[in-house]
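In: Below is the structure, and that's it, no one-letter string:
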DNA sequence: CAATTACGAAACGCACAAGTATCGTAAATG
DNA sequence: CATTTACGATACTTGTGCGTTTCGTAATTG
């Protein structure tokens, strides 16, 4: 989380809990109703805050949504542990599978995932959202690409292939299933996706 | 195209060119401005038609957008030939590559592709759009899955893998690059994507 | 205690876009 | 020629939601 040093602090300080509550509410409403149907009155009500409190923190609706997504990302990193973090000690194949599965479960069944699905079309015309989505994307990519590279070094996967493209295939399959085919695949789908690349050498 | 038999026809008939012009305009505006910012006045102006003319044909904005997408699909099938149609006579690998490339170029640089990118987030809350997107998806899937199956039968690809999942990887990679990574990959990307599955045995 | 800033509640201004209505005219049928 | 329906142009109605303002109160500093 990037915190900006603020002025010396006069008068009554802002409630930090409100900030969190607003971003959580925004994420939830976004996932439930989509970007278009999400109103700031909804968010305010859900956060038990007032609109002026929101506008004191962010200037526009898109800014709030972008902040909510980054907030969701901050929140997801520690929480991803509930599935089980992919550790350096795993066998490369198991490690890859675990990361893919984390991404799947995040996209399918977390507020951040719902929010991403809701804003993905807006991104083309809202630079602020585009930046936020890029941050999310880039937070996962190196981990995944690293796992692919480890497999290549271990001789388990063709070393001539570009790891970034391989990541596109893996994550793309999940996004495609959810966004285009409009389904909510479960954990077995992650296994099958990884198996397409590694054959039946997918553990656990 | 599904045409519904209409009433015996009294009075002045509707201009079929207007219908086409409206759907073309809708597709273009959709791709340019996105669903939210697209106004029906824009569409009417671009189609050189009036709003009543539009509302005589479809009842709501979403209905127009859904019709435009299906119209774009009708229009794309013959036009996909401009790239070069994948024929039954191709070698399986070449055939697969050609279909993937067709999908890539359609998504990246065709009005239908732009429209799909624009509506993909709305789909979750607009059943009419969800149906339209499903029609598009299902129009391509069997062709792709068939090409995968041919490769499996030819022994060029692991026969134990589910062809539908393989299709998700292929198309997903393209959609992911465009929607999430916000890039516009060119033809080489199609080759690299297919190469991830088939190795360097990708022809042409 | 004075000054400053935050808070919730409520109301408001305002722009914008979907969908409708009106009107004079055009194209079809019988 | 009478009837019916479509057309473009234009104006209109109506709802909605962003962003602002006001107000009485609370929390902080000096």
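Out: In hand now; what should we look at? Keep in mind that this is a model prediction, so the values were computed, not measured.

In: OK, contacts around the residue of chain A found nearest DNA strand D?
Out: Relative to DNA strand D, the nearest point of chain A is residue A:12 (3.2 Å; C-beta to the nearest atom of the strand). In short, each C-beta sits where N, CA and C put it, glycine included. Residue A:12 makes contact with no residue under the criterion C-beta atoms under 8 Å, 6 or more residues apart in numbering or on different chains.

In: Please identify the helix or strand for it.
Out: Assigned by DSSP states H and E, residue A:12 falls within no helix or strand.

In: Please see if the helix or strand of chain A with the lowest mean pLDDT touches DNA strand C.
Out: For chain A, scoring each helix and strand by mean pLDDT, DSSP states H and E identifies helix A:61-79 as the least confident one, at a mean of 89. No: Helix A:61-79 is not in contact with DNA strand C by C-beta under 7 Å from any atom of the strand; minimum separation 12.4 Å.

In: Quick check: which helices or strands does that helix pack against?
Out: With contacts taken as 3 or more C-beta pairs under 8 Å, 6 or more residues apart in numbering or on different chains; DSSP states H and E, helix A:61-79 sits against helix A:16-37, helix A:40-47, helix A:111-119, helix A:127-153.

In: which one of those lies closest to DNA strand C?
Out: helix A:16-37 (4.6 Å).

In: which other residues reach the closest one?
Out: Contacts of helix A:16-37 (C-beta under 8 Å, 6+ apart): A:38, A:42-44, A:46-49, A:53-54, A:57, A:64-65, A:67-69, A:71-72, A:111-115, A:117-119, A:122, B:35-36, B:121-122, B:124-125.

In: Measure how far the host helix or strand of residue A:194 is from the centre of its chain, please.
Out: Taking DSSP H and E as the criterion, residue A:194 maps to helix A:187-198. Mean C-alpha position of helix A:187-198 versus that of the full chain (C-alpha atoms, centre = their mean, to the nearest Å) differs by 20 Å.

In: which parts of it are buried?
Out: A:189-190, A:192-198 (16 or more other C-beta atoms under 10 Å in any protein chain shown).

In: How about stretch A:106-115?
Out: In terms of neighbour count (16+ other C-beta under 10 Å), stretch A:106-115 has its buried residues at A:106-108, A:110-115.

In: Touching, residue A:197 and residue B:196? I think so.
Out: Yes: in this structure, residue A:197 is within contact of residue B:196 by C-beta atoms under 8 Å, at 7.3 Å.

In: shared neighbours, those two?
Out: Common neighbours of residue A:197 and residue B:196 (C-beta under 8 Å, 6+ apart) are A:166, A:169.

In: which ones are touching residue A:14?
Out: By C-beta under 8 Å, 6+ apart, the contact set of residue A:14 is A:56-57.

In: Which single residue of chain A ends up nearest chain B?
Out: For chain A and chain B, the shortest gap (C-beta to the nearest C-beta) falls at residue A:172, measuring 3.0 Å.

In: give me the low-pLDDT residue ranges for chain A?
Out: A:1-8, A:77-89, A:204 (pLDDT under 70).

In: Can you name the residue of it nearest to DNA strand C?
Out: Using C-beta to the nearest atom of the strand, residue A:11 is the residue of chain A that sits closest to DNA strand C, at 2.1 Å.

In: mind checking how far stretch A:94-104 is from the chain centre?
Out: Between the centre of stretch A:94-104 and the centre of its chain there are 14 Å (C-alpha atoms, centre = their mean).

In: Any part of it near chain B?
Out: No: legend: contact between stretch A:94-104 and chain B by C-beta under 8 Å from any C-beta of the partner chain is lacking; minimum distance shown is 11.2 Å.

In: and what of stretch A:157-166?
Out: Yes: using C-beta under 8 Å from any C-beta, stretch A:157-166 reaches chain B at A:158, A:160-162, A:165-166.

In: Redo these as TSV? Include secondary structure.
Out: Shown next, in TSV, are these (DSSP: H, G, I helix; E, B strand; the rest coil):
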residue	secondary structure
A:158	coil
A:160	coil
A:161	coil
A:162	coil
A:165	helix
A:166	helix
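
In: List only buried entries from these.
Out: By 16+ other C-beta under 10 Å, those give A:161, A:165-166 as buried.

In: follow-up on the earlier one: how about the helix holding residue A:194 and chain B, touching?
Out: Yes: counting by C-beta under 8 Å from any C-beta, contacts between helix A:187-198 and chain B involve A:189, A:192-193, A:195-197.

In: circling back to that earlier point, if any of the contacts of helix A:16-37 are buried, put those into a PyMOL selection.
Out: Only the buried entries of the contacts of helix A:16-37 go into this PyMOL selection, using 16+ other C-beta under 10 Å:
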select buried, (chain A and resi 38+42+43+44+46+47+49+53+54+57+64+65+67+68+69+71+72+111+112+113+114+115+117+118+119+122) or (chain B and resi 35+121+122+124)
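
In: Return only those of the contacts of helix A:16-37 found close to DNA strand D.
Out: Applying C-beta under 7 Å from any atom of the strand to those, those adjacent to DNA strand D are residue A:38.

In: hmm, back to that, out of the buried ones among the residues of stretch A:157-166 next to chain B, the closest to residue A:147 would be?
Out: residue A:166 (9.7 Å; C-beta to C-beta).

In: how about that closest one, what does it touch?
Out: A:145, A:148, A:157, A:197, B:196.

In: Please parse chain A into its domains.
Out: Following automatic domain parsing, one gets these domains for chain A: A:16-75, A:77-198.

In: buried ones in the strand or helix carrying residue A:106?
Out: Residue A:106 is part of helix A:92-109, with elements assigned from DSSP H and E. Buried residues in helix A:92-109, counted by 16+ other C-beta under 10 Å: A:92-108.

In: and that helix, what does it pack onto?
Out: Helix A:92-109 is packed against helix A:111-119, helix A:127-153, helix A:163-175, helix A:187-198, with contacts defined by 3+ C-beta pairs under 8 Å, 6+ apart.

In: how about CSV for those helices, with distance to DNA strand C added?
Out: Output for these, formatted as CSV (distance: least, C-beta to the nearest atom of the strand, whole Å):
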stretch, distance to DNA strand C
helix A:111-119, 19
helix A:127-153, 18
helix A:163-175, 28
helix A:187-198, 37
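
In: Could you take these and lay them out as a markdown table, with extra columns for distance to residue B:179?
Out: Formatted as a markdown table, those follow (distance: least, C-beta to C-beta, whole Å):
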| stretch | distance to residue B:179 |
| --- | --- |
| helix A:111-119 | 10 |
| helix A:127-153 | 9 |
| helix A:163-175 | 7 |
| helix A:187-198 | 18 |
